[in-house]
Structures are given as structure tokens and as C-alpha cells.
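Trainee: I need the structure of the sequence given here:
(2 chains)
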Amino acid sequence: MSSLSRDDVAKLAGLARIEMTESELVELSSQFGMILDAVARVQEMDLSGVKATSHPQPLENIARPDVVLPSLSPEDALSGAPAQEESRFRVPQILGEAE
Amino acid sequence: MIQQTAAQMAEALTKGATTSVELTQAHLDRIAAVDGQVKAFLHVDSEGALAQAKDVDERRAKGEKLSPIAGVPLALKDVLAQKGVPTTAGSKILQGWRPPYDSTVVSKLKDAGVVIMGKTNMDEFAMGSSTENSGYGPTFNPWDLTRTPGGSSGGSAAAVSAFEAPLAIGSDTGGSIRQPAALTGIVGVRPTYGAVSRFGLIAYSSSLDQAGPFGRTVLDTALLHEVIAGHDVRDATSINAPVPAVVNAAKSGDVKGMKIGVIKQLQGEGYQKGVQTCFDESLQLLASLGAEIVEVDCPSFEYALAAYYLIAPSECSSNLARFDAMRYGLRVGDTDGASAEAVMSATRDAGFGREVKRRIILGTYALSSGYYDAYYGSAQKIRTLIIQDYAKAFAQADVLVSPTAPTTAYKIGEKVDDPMAMYLGDVATIPVNLAGICGMSLPAGLAEEDNLPVGFQIMAPAMQDHRLYQAGAALEAELLTKWGAPILSQAPVLGGVK
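Mentor: Next up is the predicted model:
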């Protein structure tokens, strides 16, 4: 039986930038054993020599001619911004004492 | 009027027997009458829909050449961006967001004069199989309001099933069009990956997501398919090839001499008795029409569910990183001195529901160093084996078939606390997504135990979507003869009007 401790889940939640309450952490860690057991079945088959598929289409890089196409105006681009200032997205502090 | 097929509505519009404004109003009235019970819609855009309808009527009056379904109303899954209209993907993190642009699917619908009546409910970011994971409450199955309509495109399927719309758009990452179509007694198609542009489709799992059509008949579904499909320079994975002739195929509906492969792994144990019975009876009908039935073996399908529940969460953990509280959507905790990281974490906690968090965490785990090869890497190799199994099967058969879902619609709340039980419902639909091919579900009857609809799934190779419609139309016609009336005539009456 696989398992993931409360602390493991807390670490993953931190990596995924999701704050979680204690009860969420406990609930997720209790569900994870079962889910991991189910998905771990991918390891049951002999996969040596099998190539990985990341995508259903065998695509190479797709490029289009380098011409200017219409795009969003600054007003439209900012229309959903939680906060803006001087035609820019205003974001919380990224560097400094909070770290 | 609302009970007609989309094809009949289109014909009435062409003949001048009705107008798009009249038709749209009739559907808006139906929505007003029954959606309090069904809750298929998150947002109804009456004003926008009637303006669009008026425009189509005026263009028609001027003698402009219009698309075959111009003026017919439609319900749009809330996962597709529509300019100026609230678009949430069923998530609180996008509450109130009005996209500044149209998705390509929406542009194509508008160009074709299809009237978009509103946005339909869904599992948050399309993660779920019952529409219970919506941040805005569940949708109820018109066949039995205590049951789920399936998911994640449950709102779109329920709207079509309840005659709130003749057509709808859904998206299918692991079965999210086909399974709700099955559970609500309608037709749903997941086109070949890359056949319909993903530009403006809010991403869940980019290598699996595909938008597609819902209708009450195979022909209606084909008419909508033809409108939304086609190459798009704004989606690098969009296939640059002609759209398969799906409407012609739906009109011809012939299976004489067609080889139909029954997938050994997708039937029997784990499938509800009534589901299996309806499937077997449909198969016999196809044989009686001159199809040759063969059994095909796809041993790696046994691992498809496990591979899917690693690949999709992995891709989602990356895709959903864009919801960072910076450029659009919800932002909480932005008090003086709070760091960007703290705001991001608090916002994602407040904005994401349980299932979304569960899948992001699972994906983060599967991609983390030390576990990557064992989980995500192995899943990608299983994906290769599934593609190979399909290739072998399609060498023996023109189309492959199975029940769409192992059970009929289950009760709201029945599986919501048991993620694994919920995931098992996708067992028959997921292989199509992993291989990037196309699939259809159409009604095959009612299960004897519960009188609820059962779906029959047809699968075809990439860009052979017309085969789905050819076989589907043949089976549909034969079933209609057998039943004497469309399956939805057996659904309970809602809102005092049927």
C-alpha cells in the first residue's frame, strides 16, 4: 500500500503554490494511498524498450510567416486584471522582506 | 417547435416557416421554465442571443448565403472563451472574468450564424465525470433529477436532453462529451485530436483535450461538427487537412460490409447488466444490417485508466500554474506587504475546488524528481502501447465499439467522496483520448434495471471521423424503427411541457 504523509502533501502543496488547511492536508493524505496504488499499475507491465508518447501527433515545430497579426489592445489585455496601474498589471511584492 | 431536430429547425428557417428570433425565444422560454430544476446553465445571455438571432434573420431576408444551421440556437460549455460573456470553466477562480477575445470555436459558430444562448455548467476545469465538481453546484439529469448527468460536460448534455437547446458544445479529455451523452440519452462526439482548434479552450490536459458537438441525432451532431472543425493557425496542434465529410456520412448511414470490432477488454465484468444487454442488442442490429462483427484484443487497455490519471493530472499541474492571481481572475490576500507568493497560494486555495487541488497535487507528485520515471514516464510508455493496440485493432476492423460507460447515471453525491469509484466510470472512454483518435456515443436504449439511458460507443482512427457518423446513423435508424419514437420521448416531463 502506497502512502503519502501529511507532511509530504504539505510539501507538494507548497510546490504547487496552494495554501491548505490542516483538514485538507489530512484528507488528501488519506486519499492518496488508494489513488497511488491505482496509478502505480502502470509499473506492472514490462516497459523496457517501449518508447514514450507525450503527444498523439508526430509534430515538428510549427512556425507561421513572420507577419504582424491583430492582437489585444492594452485596454483589453488589462480588462481582467485584479489590479492595474499606468497601463500595467500591478502585482504584489516579488522581492524583499517578505521572503 | 423545441422538440424538433436541429436539421428540422434549419429547414423551417430556410423555408421561412419560422425565424431565428422566434426559435431562440422559444428555447429561452424553455430554459426559464425548466432550468431551475436542471441547472444546466451558468449564464444565459438572452440579450446577446436575440441580437444574434435578429442579425441572422436580417441576413437571410437579404438573401445572403448562410451555413446549413444558421439561426439554430446552441448551448456552449463554459470552458470556451466568448468575448464579453462570463467564462468560468466552472471555477471560482474565474468568477466574473469576461474574456477579451473569442475562442476559435466561438468565432466559427458566430460566422456560421449559430446562436449562442449561454454558458453551461461543468466540472471545474473539466476535471470530473459528474458535474458535481463545479464551483457553482451540480447539474441534474433530466431523466431523474436525483442523478448526475455525467461530466464533465454535464450542463451541455443536460441542456440538449431537456430540450433547452437542440445543439451544444462540450469538451472531451477523458470522455467528457461521450459519457454525459450516454447518461442523458443523446449523441456526443469527440473529434480526432487536432480536428477542432483548442485556441480559447481553457486547458486541462493539452495533449488530450478536444472540443466537440452534442445533438439529439447523429445528423444534428454532424452538422455542428462540420461548423466547428478545421485548421487554425492559432493552434499549433491543429491538423492542416480537409474536414472529414461527416454530414454526408450521417446522411448515408450504411454499414453493409463494414467490419466492426468489439474490444474484448471493454465489456463484461464491471459493466452493469442492462448496459451490456443494450450494447449486445445494438451489436446484433448492426450485424443484421450486414456489418461483419469481429472481436479484437487490446491488452494494454487494462492500464489506460492508470496512465490517464497520471498524464492528465501532470499536464494539469502545469497548465493551471497560469492561475496565479496576477493578470486575470481572482486575487485574495493582497494586503500591504503580502508577498506575491503568499497572494498566489491564498488565491489558489480560495479559488480551486477539492478535485482540482487533488489533481494538481497528484500531478506535482508524478512529475517530481525521483518519481518522474516511475509514474509519468511509465504512463507515457503505456500510451505508446495503447496506440499500438489500436493500430492492430484497426487493421482488423473499420470501427471499434464498446459500451460508452460501465453504468447508467448514478445518484448525486453517491461517488463524490470516493475519487477512485468516480474515475472508474471513464474506463471505456479514456483509451480514445490517449491515442488521439475520435469517438461517438449514441443512445442504445434504456437499462432494464433502472430505465435510464445507455450509450453505445463507436471509435475510428484519426481523421476518419466520418466512419463514426456512417455507423452511428445506421444504428440510430434501426433503433428508431425498433422503438417507434426517439428515446427522449420516454424521459419524464419537465416543467409541465415536454
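
Trainee: For stretch B:293-306, measure first residue to last.
Mentor: Chord length of stretch B:293-306, first to last residue, is 29 Å (Cα to Cα, to the nearest Å).

Trainee: pLDDT averaged over that stretch - what is it?
Mentor: The average pLDDT within stretch B:293-306 is 97.

Trainee: what does it rub up against?
Mentor: Residues outside stretch B:293-306 that contact it (Cβ atoms under 8 Å, 6 or more residues apart in numbering or on different chains): A:38-42, A:44-45, B:259-266, B:283, B:286-287, B:379, B:382, B:385-386, B:388-390, B:392-393, B:396-397, B:400, B:423-424, B:426-427, B:430-431, B:434. Every C-beta, even on glycine, is put in place using the N, C-alpha and C of the backbone.

Trainee: when you check those residues against the strands, which ones overlap?
Mentor: If you go by DSSP state E, these have B:259, B:260, B:261, B:262, B:263, B:400 in strands.

Trainee: for those, which one is nearest residue A:14?
Mentor: Proximity of those to residue A:14 (Cβ to Cβ) peaks at residue B:263, which lies at 42.4 Å.

Trainee: Around that closest one, how many other residues sit close by?
Mentor: 22 (other Cβ atoms under 10 Å in any protein chain shown).

Trainee: re the thing from before, got a winner among the ones in strands among the contacts of stretch B:293-306 for most neighbours?
Mentor: Within the ones in strands among the contacts of stretch B:293-306, most neighbours by other Cβ under 10 Å means residue B:400, with 27 neighbours.

Trainee: Now do the same contact list for it.
Mentor: B:260, B:261, B:262, B:263, B:296, B:390, B:393, B:394, B:458, B:459, B:460.

Trainee: Between these, which sits nearest chain A?
Mentor: Of all those, the one with the least separation from chain A (Cβ to the nearest Cβ) is residue B:390, at 10.5 Å.

Trainee: burial measure for the closest one, as a count.
Mentor: Neighbour count for residue B:390, taken as other Cβ under 10 Å: 25.

Trainee: cool, and residue B:64?
Mentor: 11.

Trainee: Could you do the one 5 residues further on as well?
Mentor: Residue B:69 is surrounded by 26 other residues when neighbours are defined as other Cβ under 10 Å.

Trainee: Buried residues in the strand or helix carrying residue B:50, which are they?
Mentor: Here residue B:50, judged by DSSP states H and E, is contained in helix B:46-61. For helix B:46-61, a neighbour-count test (16 or more other Cβ atoms under 10 Å in any protein chain shown) marks B:48, B:49, B:50, B:52, B:53, B:55, B:56, B:57, B:59, B:60 as buried.

Trainee: got those as JSON lines, with distance to chain A and pLDDT columns?
Mentor: Listed next are the buried residues of helix B:46-61 as JSON lines, based on distance: Cβ to the nearest Cβ, whole Å; pLDDT from 0 to 100:
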{"residue": "B:48", "distance to chain A": "17", "pLDDT": "98"}
{"residue": "B:49", "distance to chain A": "22", "pLDDT": "98"}
{"residue": "B:50", "distance to chain A": "25", "pLDDT": "98"}
{"residue": "B:52", "distance to chain A": "21", "pLDDT": "98"}
{"residue": "B:53", "distance to chain A": "26", "pLDDT": "98"}
{"residue": "B:55", "distance to chain A": "22", "pLDDT": "98"}
{"residue": "B:56", "distance to chain A": "25", "pLDDT": "98"}
{"residue": "B:57", "distance to chain A": "29", "pLDDT": "98"}
{"residue": "B:59", "distance to chain A": "24", "pLDDT": "97"}
{"residue": "B:60", "distance to chain A": "29", "pLDDT": "97"}
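
Trainee: For whichever residue of the stretch 151-300 of chain B sits closest to chain A, which non-adjacent residue is closest in space?
Mentor: Closest contact between the stretch 151-300 of chain B and chain A, by Cβ to the nearest Cβ, is at residue B:236 (4.1 Å). Closest residue to residue B:236 apart from its sequence neighbours, by Cβ to Cβ, 6 or more residues apart in numbering or on different chains: residue A:62 at 4.1 Å.

Trainee: Do you know the pLDDT at that neighbour?
Mentor: Per-residue pLDDT puts residue A:62 at 82.

Trainee: on that earlier part again, list the contacts of the helix holding residue B:50.
Mentor: Outside helix B:46-61, the residues within contact range by Cβ under 8 Å, 6+ apart are B:13, B:19-21, B:23-25, B:28, B:66, B:70-71, B:73, B:85, B:110, B:113, B:115-118.

Trainee: Buried ones among the contacts of stretch B:293-306?
Mentor: A:38-39, A:41-42, A:45, B:259-263, B:265-266, B:283, B:286, B:379, B:382, B:385-386, B:389-390, B:393, B:397, B:400, B:423-424, B:426-427, B:430-431, B:434.

Trainee: Can you get me a residue count around residue A:11?
Mentor: That count, for residue A:11 with other Cβ under 10 Å as the rule, works out to 15.

Trainee: Now do the same for it: helix, strand or coil?
Mentor: At residue A:11 the chain is in helix, as set by DSSP: H, G, I helix; E, B strand; the rest coil.

Trainee: And it, how far from residue A:29?
Mentor: To residue A:29, residue A:11 is 11 Å away according to Cβ to Cβ, to the nearest Å.

Trainee: if you go through the stretch 251-400 of chain B in chain order, where are the strands?
Mentor: Using DSSP state E, counting those that start in this stretch, the strands of the stretch 251-400 of chain B run over residues B:259-263, B:292-296, B:399-403.

Trainee: ugh, wrong one, chain A
Mentor: Under DSSP E, chain A gives strands at A:84-85, A:88-89.

Trainee: Residue of chain A nearest chain B, please.
Mentor: Closest point on chain A to chain B, by Cβ to the nearest Cβ, is residue A:56, at 2.4 Å.

Trainee: what about that residue, distance to residue A:50?
Mentor: According to Cβ to Cβ, residue A:56 stands 16 Å off from residue A:50.

Trainee: need the residues of the stretch 101-250 of chain B near chain A, please.
Mentor: Counting by Cβ under 8 Å from any Cβ of the partner chain, the stretch 101-250 of chain B comes close to chain A at B:101, B:193, B:194, B:207, B:233, B:236, B:237, B:239.

Trainee: Show me what the top helix by length along chain A is packed against.
Mentor: Secondary structure of chain A read by DSSP state H shows that its longest helix is helix A:22-39. Where contact means 3 or more Cβ pairs under 8 Å, 6 or more residues apart in numbering or on different chains; DSSP states H and E, helix A:22-39 is packed against helix A:6-15, helix B:304-319, helix B:354-366, helix B:419-424.

Trainee: Which helix or strand in chain B has the lowest average pLDDT?
Mentor: Lowest mean confidence among the helices and strands of chain B (mean pLDDT, DSSP states H and E): helix B:419-424, at a mean of 86.

Trainee: what's the answer for chain A, then?
Mentor: Quick look at chain A via mean pLDDT, DSSP H and E: least confident is helix A:22-39, a mean of 92.

Trainee: Show me what that one is in contact with.
Mentor: Residues outside helix A:22-39 that contact it (Cβ under 8 Å, 6+ apart): A:1-6, A:8-10, A:13, A:20, B:305-306, B:309-310, B:354, B:357-358, B:361-362, B:366, B:375, B:379, B:419-420, B:423.
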